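**Q** sequence-free structure coming up:
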């Protein structure tokens with residue numbers, strides 16, 4: 001019977017070592033989780049509440065604040081162009097299409113009726129330009145930027161003396 005007692009003592013020492021390892025792993029796991037939550041910003045509201053005065057403020061944006069915000073033009077207007085579908089210059093034997101919907105940002109809302117009267121000329125200028133594009137011309141963000149700049153030049157020339165601020169893409173599909 002004395003031998004059985006000696007055999008059990010090393011087992012108790014092994015259990016205590018396993019328990020210590022498990023506790024250390026749990027502490028590391030909790031510390032790592034808390035650090036991850038802190039650095040990802042999940043804990044930010046809790047930290048603000050603990051360190052702040054405990055009151056939460058809610059910012060209300062009024063229509064007057066939007067009108068007075070810097071960088072937001074006062075009289076800006078938007079005109080939606082009809083959907084344009086053109087076949088691209090993909091080379092002989094290949095067909096590729098571009099479907100595009102854009103809006104024009106007009107510097108002055110009062111010019112919207114004048115621009116709407118010349119809309120057929122604007123759409124025609126766009127179609128003539130778009131038909132000469134190759135699918136590679138539209139690849140990536142650089143292609144989109146060049147397309148925006150070219151369309152802006154063409155619509156600005158067609159809409160003079162009205163000032164067009166930007167061409168905004170609503171939909172663009174190359175197939």
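**A** Okay, I see it. Here the structure is a predicted model, which means the values were calculated and not measured. Residues are numbered from 1 along each chain as shown.

**Q** According to the record, where do the domains of this structure fall?
**A** Residue ranges for the domains of the chain, per automatic domain parsing: 2-51, 73-174.

**Q** ok, so what distance separates the closest residue to residue 37 other than its chain neighbours from residue 35?
**A** Of all residues not flanking residue 37 in the chain, residue 43 sits nearest, at 4.8 Å (Cβ to Cβ, 6 or more residues apart in numbering). Every C-beta, even on glycine, is put in place using the N, C-alpha and C of the backbone. Taken as Cβ to Cβ, to the nearest Å, the spacing of residue 43 relative to residue 35 amounts to 10 Å.

**Q** which of these two has more neighbours?
**A** Set side by side, residue 43 and residue 35 show unequal neighbour counts under other Cβ atoms under 10 Å, the larger going to residue 43 at 15 against 11.

**Q** following the helix or strand of the chain with the lowest mean pLDDT, which helix or strand shows up next?
**A** Averaged element by element with mean pLDDT, DSSP states H and E, the chain has its least confident helix or strand at helix 63-68 (a mean of 51). Scanning forward in sequence from helix 63-68, with DSSP states H and E defining helices and strands, the next element found is strand 77-80.

**Q** packing partners for that following strand?
**A** In terms of contacts (3 or more Cβ pairs under 8 Å, 6 or more residues apart in numbering; DSSP states H and E), strand 77-80 is packed against strand 97-106, helix 112-117.

**Q** winner for burial among these?
**A** When you average the neighbours per residue for each of those (mean count of other Cβ atoms under 10 Å), strand 97-106 leads with a mean of 18.

**Q** could you say what helices and strands the host helix or strand of residue 144 packs with?
**A** Secondary structure here is read from DSSP H and E; on that basis residue 144 sits in helix 140-159. Packed against helix 140-159, as judged by 3+ Cβ pairs under 8 Å, 6+ apart, are the following elements: helix 119-131, strand 164-174.

**Q** Give me the contacts around that helix.
**A** 102, 104, 111, 114-115, 118, 121-122, 125-126, 129, 133, 136-138, 163-164, 166-167, 169, 172 (Cβ atoms under 8 Å, 6 or more residues apart in numbering).

**Q** Just the buried ones among the residues you listed, please.
**A** With neighbours counted using 16 or more other Cβ atoms under 10 Å, the contacts of helix 140-159 contain these buried positions: 102, 104, 111, 115, 122, 125-126, 133, 137-138, 164, 166-167.
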